[in-house]
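J.: Predicted coordinates and the sequence they were generated for:
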Amino acid sequence: MGSPTIEDLGPKVLARPDHQVSRGSLSSEALKVLYRLHRSGYAAYLVGGSVRDILLGKRPKDFDVATNARPQEIRRLFRNSRVIGRRFRLVHVYFRAGIVEVATFRASPEPPESPNDWEEAAAEEAEESTTTDRPQPATEDVVYGTPAEDARRRDFTVNALFYNIADFSIIDHVGGIEDLERGLIRTIGDPDQRFIEDPVRMMRALEYSVRLGFEIDERTSEAIVAQRDLIAEASAPRLTYELLESLRSGHAAGIHEAWRRAGVFTRAFPDLPIDTDESMRVLEMVDGEIASGRELSDPSLIGSYFLGRFLAIAEEETSETGRVDNPQVLGRLRESLDPASTSMHLSNQTLHLLHQGLFALTKMRRAPERGRQVLKLARQEYFKVAWELYGFAVTLGYISPDAYQGWKRALRKVGSK
Ligand code: ATP
Ligand code: MG
């Protein structure tokens, strides 16, 4: 007889007195969803990042629920809900304060020829497609699984803990509690295989290690080095999504540094420049904005990579008398942005705002002379992007504080700031 596997031992269960998750740490919407499922006779667990974050004493970004109820059954329990997804269907329950995502327990692994779930989920998020009227998939029972299977298909042990509303216990099928205590990011199962299955997980491992201040388990870390070339083949919208998530996390500088050191950044984003001190400084400024509770739009977040380069171009194309060679600036701006916009599948709208927002900065290097000039610019759709990047350009030293104060005053006068 060999040594017992995790399956043989069954899950580790922490009863209510033995952990920190109280009902008060959940949003009232998540609690409502969990209780209604439970009272209707279903298993209902809080899952994923929210359990991890509460155990670490952090406020979760969002609350995800998993259950044995099928999508149509969930749908019937919540009037304000929608089924989304093609093959695997999730239910979004809408509240004024936001969405609670409810998923039926899933089996794993996927048949190798089928597109990866996480890929599908990201693609649908991008399209915001809803499929309420579609028939149930014929293969439903193959797709849905037990709680243990649902835990094991997740990426990292610390992301696979369940909080059971029936008895307020934490259920751990994968050794996540121990890794959480030790501060370790470890894939569930063989790391090489899990990264081959979905290369984006390599970016995620590094991202979590920075955000949570955790180490990456040695085997997981070795597998990143062994498998990192696969990142170049990962789906562009998913990579771009992870990039934007990192920029919004408040830890962008640290995450980029970790991505760079592990050799994954240039494989994922060969057309994004982060090789200079200046670009790292801009990422620190992005983190500063997030830390003070401000949100930056997607074009501004992407624009931050190109800001230093663009401002240098604008300076080079400005004559001593202050005349700007606009076609030349625009041409060179395109040259630096276009490869990235193509490889990252940026939307036309994002690219448009990015071009215009950056270009507007050339006109803001001196304090405005006429109120009309200010009004005209402030009314443009891209002005928000320009203004967000303008603050960074001032800090980088490309714009004089006088010009900045001049624009602030003028904008206040016309009622725009
Ligand atoms: P965040 O705080 O960034 O929201 P999170 O852990 O909630 O972190 P999400 O991207 O919201 O991360 O995903 C929710 C959960 O889904 C994860 O905790 C994990 O269990 C699972 N998951 C997400 N992406 C993957 C993936 N690529 N492979 C396997 N499991 C994944
Ligand atoms: Mg989440």
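T.: Thanks, I have the structure now. Residues are numbered from 1 along each chain as shown. Ligands and ions are numbered 1, 2, ... in the order given.
J.: count of residues packed around the single nearest residue of the stretch 51-200 of the chain relative to ligand 2?
T.: For the stretch 51-200 of the chain and ligand 2, the shortest gap (C-beta to the ion) falls at Asp62, measuring 4.8 Å. The way it works is simple: take the backbone N, C-alpha and C, and place the C-beta from them, glycine included. The number of residues packed near Asp62 is 14, by other C-beta atoms under 10 Å.
J.: that's a strand at it, yeah?
T.: No: read with DSSP: H, G, I helix; E, B strand; the rest coil, Asp62 is coil and lies in no strand.
J.: And the closest residue to it other than its chain neighbours, how far from ligand 2?
T.: Counting by C-beta to C-beta, 6 or more residues apart in numbering, Ser50 is the residue found nearest to Asp62 once chain neighbours are left out, at 6.8 Å. According to C-beta to the ion, to the nearest Å, Ser50 and ligand 2 sit 7 Å apart.
J.: how close does Ser50 sit to Leu161?
T.: From Ser50 over to Leu161 the distance is 10 Å, taken as C-beta to C-beta, to the nearest Å.
J.: Compare these two (neighbour count), which wins?
T.: Leu161 (31 against 24).
J.: hang on, that one packs against Gly175?
T.: No: here Leu161 lies out of contact with Gly175, judged by C-beta atoms under 8 Å, at a distance of 10.1 Å.
J.: sorry, back to before: is it correct that the residue nearest to Asp62 is in contact with Val65?
T.: No: at 9.1 Å, Ser50 does not count as touching Val65 under the criterion of C-beta under 8 Å.
J.: Under a three-state scheme, what state does the residue nearest to Asp62 occupy?
T.: Going by three-state DSSP: Ser50 is helix.
J.: Closest residue of the protein to ligand 2?
T.: Counting by C-beta to the ion, the chain gets nearest ligand 2 through Gly49, at 4.0 Å.
J.: so who does that residue touch?
T.: 60-62, 64, 159 (C-beta atoms under 8 Å, 6 or more residues apart in numbering).
J.: any idea which of those is the one closest to ligand 1?
T.: Asn159 (3.3 Å; C-beta to the nearest ligand atom).
J.: What residue, apart from its backbone neighbours, is nearest Leu90 spatially?
T.: Among residues not flanking Leu90 along the chain, Ala103 sits closest, at 5.0 Å (C-beta to C-beta, 6+ apart).
J.: Just give me the neighbour total for the residue nearest to Gly176 when sequence neighbours are not counted.
T.: With C-beta to C-beta, 6+ apart as the criterion, Gly176 has its nearest non-adjacent residue at 4.1 Å, and that residue is Thr157. By other C-beta under 10 Å, 27 other residues sit near Thr157.
J.: hang on, the earlier thing: quick check, pLDDT for the residue nearest to Asp62.
T.: As summarised for this prediction, Ser50 has a pLDDT of 96.
J.: Offset the numbering so it begins at 12, please.
T.: Right, with 12 as the first residue, what we last looked at is Ser61.
J.: Report the contact partners of the one residue in the stretch 312-428 of the chain that gets nearest to ligand 1.
T.: For the stretch 312-428 of the chain and ligand 1, the shortest gap (C-beta to the nearest ligand atom) falls at Leu312, measuring 15.7 Å. Going by C-beta under 8 Å, 6+ apart, Leu312 touches 255, 258-259, 297.
J.: Then Ala279?
T.: Ala279 touches 214, 242-243, 245, 250, 254, 270, counting by C-beta under 8 Å, 6+ apart.
J.: Now intersect the contacts of Leu312 with the helices, please.
T.: 255, 258-259, 297 (DSSP state H).
J.: Buried ones only from those residues, please, as a PyMOL command.
T.: Of the ones in helices among the contacts of Leu312, the buried ones go into a single PyMOL selection, burial set by 16 or more other C-beta atoms under 10 Å:
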select buried, resi 258+259+297
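J.: Next, format the ones in helices among the contacts of Leu312 as TSV and append distance to Gly265 and pLDDT.
T.: Formatted as TSV, the ones in helices among the contacts of Leu312 follow (distance: C-beta to C-beta, whole Å; pLDDT from 0 to 100):
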residue	distance to Gly265	pLDDT
Leu255	16	96
Leu258	12	97
Arg259	14	96
Val297	12	96
